[in-house]
Every structure is written in C-alpha cells, then in structure tokens.
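# Here's a sequence, model it:
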Amino acid sequence: MNRKIVYLIIFLSSLSAQSTWAVSGRVHPELKWQTISTQNFNIHFHQGIEEIAKEGAILAEHFRPTLLEQMDLDTIPKIDIIFTTEDEIMNGFAMWSYQTFIWVDQNDAAIWLERGKWLEQVLSHELQHIVLLHKTKTWVPPPMSILMSGMPGWVVEGTAEYETESWRPYRADLSHKSHILRNKTGSMDPHHDGFSKMLYWADRFGDSTITKTLAYRNNLKTFSFNAGFKKATGVSVKQFNEDWRRHMNTYYYGYRAQKETYKEIGETMTLPIKKLQSFQLYKDSTKIAFLGRDDKEQFDTSLIIAKRDTVKENKRYEKWKKRIDKIKKKNNKTKKDSLILTKNFKEKVLWDKKEIDFGQFHPALSWSKDGNRFAYSKYHFDKNQSMVYDIKFYDLEKQESNWASQSMRASYPAWADSSTIVFVAHENNIS
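Model (predicted):
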C-alpha cells in the first residue's frame, strides 16, 4: 500500500481523539470539567457555563426525535456533547465517534442568525451531522467508510442546514449573489452551495429521495453516494450539479434584472485595495480606514489607513492643464488634439496608504471625533492563551497602537469623545 495512504489513514483515524485544541493549537489546564448525563446524551462542560450546559441538555433531548425522524431512524447510540467558552470561535464540529465540540457564548451570532439563539442553532446543526453519519454507517469502519462513499461536502453541510435552518442573507443568499455574478460557483463554501442544492434537490425530487439515497447500499453492503443518488433520482450527481448551476443563474440574474443600476442610486467609489472586507470613512472624507488584502498571495488581513493626497491630485491637474494649454497654442491641431480639447478633466482621488496592523479583525471600525485616533477590534491570544477579540486604538500623531481592553471579548468600538471608547463585551451569553 502507498505510504501516503497509510499516513492519511493514521491521520484521519487520530482525528476522533482530537479536541478543540486541534483548531486553536492550545490546551487549557485551568478548566475544570464536569458532566451532566441525560437519557440520550452526556453533556461535558467546564466551570462558568453550568446554565448553558443545562439548557443544552434540554435542547438536545428536544431535537433528537425530530432529527431521527428526518433520517428515517429509530435509534442512535448515546452522544457526547462538549461545550466550551475557551475561545471566541463561532463554530462547532461533529465526529463519527458520536461526539460534538461546540464553542458557546458567541455575541455576533445574533446578526448571522437574524432570529433564534446560537446555542439552539449550532447544537441542532452539529447533532444532525452525527445523525447523518450514523445513517450512512456500514461495516467499513470510519473514517474509511466516509472516504469510500464519495459523499460530497455539500451534502454533509447542506443536509444539516436544510433540516435545521432557514434560508437567510448570511446563509447563504449573499454568498450566492456574489459567486454567481462573478461566475465562481465552483469555489463556493459547501455550507453555502450545499444549502441551495439541498433545497433544489428536495423541491425537484422530493424529501423521500434524500433518505433513499443515504440508505442505499451496494452489493458489498457499503454506501456509495453517487450510485444511491442516481438510483433515487434518476440523474447523475454531475448532471444534478449542472442543472443546479443553471437554475441558480436563471434566478439570480433574473433577480438582478429587476433591480436599479448602481448609477441610479448614486456615484460609485473605488477604494485603493484589491480585496476589501470592511471600511470606515472619516467624516470629512479626507481619511479612510479599511480591512482587506492588497496582495493575492496574502493570507492574513491588513488594517490600512489612507489619507487623501491632495498634493498629488493638484500635480495631476496641473500636468493636464499644461497639456491643454500647449495644445490650444498649436496653430495646426490634429483630430486627436481637437478630441482632447472636448474632454473635461477627469478627477481621481489619490490616497497615501499605510498598513498599521495585520492579523484577524472584527469588521466594526471607528474614528475619533477629531480624526487623530482610530479604534478597532483585533483577534489574538490573550489570558490563558484563549483566542478572543479585544479593542485596540491607533494614534495617528504618535503612529502607535495600544490595547484598550484585555480578555473582554470586546468588539463594536465607538468614540464617545476624543479620549473615551465605548464597546460591546460579553460573557456567558450576556452582552
């Protein structure tokens, strides 16, 4: 057997023993763990989140019957749920070993969800993953059975979203608009195209074909997604993906055709960065701060402050004016000269850019009243090496940045005056 395959099997098999440190790269010996056991779940949690764990235990028992019914299952082994607030990570993950690890106490989930609570959404989502993995389980031990099945990532994520969530801007209408209008559907996150593909699947072929596909077993009694899908729906996965792409393009381009153009709304402005994440103009528009990447090979995010360079703008105008004056003085003007004289000067805003920080940032940014300071929230390792957001501010005159908070899980800074910053902090579901 190829050595790389052996290494891959060892690596994937070891994942079942991993914990949240596989994501953060840190362990937390300061945490003291305990367990609540219910009829169908073991809830593991550390100090400080007892109430969240109790609520999670009630929700898990409440979700279980519905999740099993959706997959045409009667039972499933007891599941271990691990709750933690060790990091500010709005995520969770499920394992084929009937375990799920979930980061609770996530403030920004309110915007992402629109309605409902983070604990309700993430718990039902991750439990559905476990139910799906149980539904497709065969005599081949995982994770080899998962690799052999050929089940796409969009099915794993899309099924969890279809069964436990509602379609909304952040899941995943905004992503579809962006990718489809840029012809980039092939690079979509499986959380995004998975949701719309499952909606399209159910609408076209019916919910029953989903469970029929997942229940399929070949002559070797193993699960093959492609074969099961073809038998249940009558079309291949490849053809389905193409049909979905055409369907999405028809919908979103038709939707766009009904909207006014950008020019009807107002004048558009191009910002001096290749890939923008967030920006904040100062009130007189002479300064702008923005988050993004100025290089295709860049992996972290830059925080850049740009000042309007009126000196360069004036030089550009003077250069144009000299050229016009020179052409006007010519006795024998060419057609090109005459054409140049008919055109007005095209103004262009020029910026002097400076990177003041880099890493991972919260999108909320804020200028002080006088424009000499700038506040933002940065993701970093802090107390006990936890990954959290805290407030920093940059002084344009001193050209230095300092922390304004420590270990507060802080974001959304706003200046009350030129020396006072207000912000949102949260702890154990209380902001």
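
# Test my guess that Y98 contacts I130.
Yes: the pair Y98 / I130 is scored as a contact, 5.9 Å apart, by CB atoms under 8 Å. (C-beta placed from N, C-alpha, C; glycine too.)

# higher neighbour count, those two?
In this view Y98 and I130 are compared by other CB atoms under 10 Å, and I130 has more residues nearby, 23 against 18.

# can you tell me the helix or strand for that one?
helix 118-135 (DSSP states H and E).

# name the helices or strands packed onto that helix?
Secondary-structure packing of helix 118-135 (3 or more CB pairs under 8 Å, 6 or more residues apart in numbering; DSSP states H and E): helix 50-70, strand 79-84, strand 92-95, strand 99-103, helix 109-113, helix 153-164, helix 208-215.

# can you rerun that using 7 Å?
helix 50-70, strand 92-95, strand 99-103, helix 153-164 (3 or more CB pairs under 7 Å, 6 or more residues apart in numbering; DSSP states H and E).

# picking that back up, common neighbours of Y98 and I130, please.
Counting by CB atoms under 7 Å, 6 or more residues apart in numbering, the common neighbours of Y98 and I130 are I79.

# W351: what's it in contact with?
So W351 contacts P272, A306, K307, R308, D309 (CB under 7 Å, 6+ apart).

# in the sheet, who's paired with the fourth one?
Counting by DSSP bridges, R308 is bridged to W351.

# From N314, how far out is it?
R308 is 11 Å from N314, where distance means CB to CB, to the nearest Å.

# Neighbour count: these two, which is higher?
Ranked by neighbour count (other CB under 10 Å), R308 and N314 place R308 first, with 17 against 11.

# The more buried one touches V349, doesn't it?
Yes: the pair R308 / V349 is scored as a contact, 6.3 Å apart, by CB atoms under 7 Å.

# K275 contacts F290, correct?
No: judged on CB under 7 Å, K275 makes no contact with F290 at a distance of 10.4 Å.

# higher neighbour count, these two?
Taking other CB under 10 Å, K275 and F290 do not tie; F290 has more neighbours (21 against 13).

# what secondary structure does the more buried one sit in?
Three-state assignment for F290 (DSSP: H, G, I helix; E, B strand; the rest coil): strand.

# Distance check, it against D370.
20 Å.

# hmm, back to that, and the helix or strand just after the helix holding I130, C-alpha only, in CSV?
Scanning forward in sequence from helix 118-135 by DSSP H and E, the next helix or strand is helix 144-149. The C-alpha coordinates for helix 144-149 follow below in CSV (Å, rounded to 0.1, in the frame of the first residue of the first chain):
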residue,chain,number,x,y,z
MET,A,144,-12.6,5.0,5.7
SER,A,145,-16.3,4.4,5.1
ILE,A,146,-16.8,8.1,4.6
LEU,A,147,-13.9,8.4,2.2
MET,A,148,-15.1,5.4,0.2
SER,A,149,-18.7,6.6,0.0
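
# Which neighbouring elements make contact with helix 144-149?
Taking 3+ CB pairs under 7 Å, 6+ apart as contact, there are no helices or strands that helix 144-149 lies on.

# can you pull the contacts of L365?
S278, Q280, A289, Y376.

# which one is F83 nearest to, not counting chain neighbours?
Using CB to CB, 6 or more residues apart in numbering and skipping the chain neighbours, the partner closest in space to F83 is F45 (4.5 Å).

# what pairs with that neighbour across the strands?
Beta bridges link F45 to Q34, judged by DSSP bridges.

# and it, what pLDDT?
According to the prediction, F45 has pLDDT 96.

# Show me this protein divided up by domain.
Using automatic domain parsing, the domains assigned to the chain come out as 3-257, 270-309+351-431, 311-349.

# So which of those is nearest E264?
Among those, the nearest to E264 by CB to CB is domain 3-257 (13.4 Å).

# count of neighbours near K184?
10.

# Check which helix or strand the closest residue to it other than its chain neighbours maps to.
Take K184 and drop its neighbours on the chain: the residue closest to it by CB to CB, 6+ apart is S178, 7.8 Å away. Here S178, judged by DSSP H and E, is contained in helix 173-181.

# And stretch 266-279, what's buried?
P272, I273, S278, F279 (16 or more other CB atoms under 10 Å).

# So which residues make contact with the helix holding I130?
52, 55-56, 59-60, 63, 67-68, 71, 73, 76, 79, 92, 94, 96, 98, 100, 102, 104, 106, 109, 113, 156, 159-160, 163-165, 214.

# Got a PyMOL select line for the buried ones in these?
A single PyMOL command suffices to select whichever of those are buried according to 16+ other CB under 10 Å:
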select buried, resi 52+55+56+59+60+63+67+68+71+76+79+92+94+96+98+100+102+104+106+109+113+156+159+160+163+164+165+214
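
# about what we covered before: show the contacting residues for the residue nearest to F83.
For F45, the contact set (CB under 7 Å, 6+ apart) comprises Q34, A53, F83.

# Give the burial count for the residue nearest to T136 when sequence neighbours are not counted, as a bare number.
Leaving aside its sequence neighbours, T136 sits nearest to F223 (CB to CB, 6+ apart; 4.8 Å). By other CB under 10 Å, 24 other residues sit near F223.

# contact partners of the next helix or strand after the helix holding S178?
The C-terminal neighbour of helix 173-181 among helices and strands, as given by DSSP H and E, is helix 190-205. With CB under 7 Å, 6+ apart as the test, helix 190-205 has contacts from 153-155, 157-159, 161-162, 167, 171-172, 175-176, 185, 210, 233, 244, 247-248.

# before we move on, what about stretch 323-332?
Identification of contacts with stretch 323-332 by CB under 7 Å, 6+ apart yields K333, D337, I340, L341.

# Put the alpha carbons of it into PDB.
The C-alpha trace of stretch 323-332 is given here as PDB (Å, rounded to 0.1, in the frame of the first residue of the first chain):
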ATOM      1  CA  ARG A 323      -1.000  69.800 -21.800                       C
ATOM      2  CA  ILE A 324      -4.300  71.500 -22.700                       C
ATOM      3  CA  ASP A 325      -2.700  75.000 -22.800                       C
ATOM      4  CA  LYS A 326       0.000  73.600 -25.100                       C
ATOM      5  CA  ILE A 327      -2.500  72.100 -27.500                       C
ATOM      6  CA  LYS A 328      -4.500  75.400 -27.600                       C
ATOM      7  CA  LYS A 329      -1.400  77.300 -28.700                       C
ATOM      8  CA  LYS A 330      -0.800  75.000 -31.600                       C
ATOM      9  CA  ASN A 331      -1.600  76.500 -35.000                       C
ATOM     10  CA  ASN A 332      -2.300  73.200 -36.700                       C
END
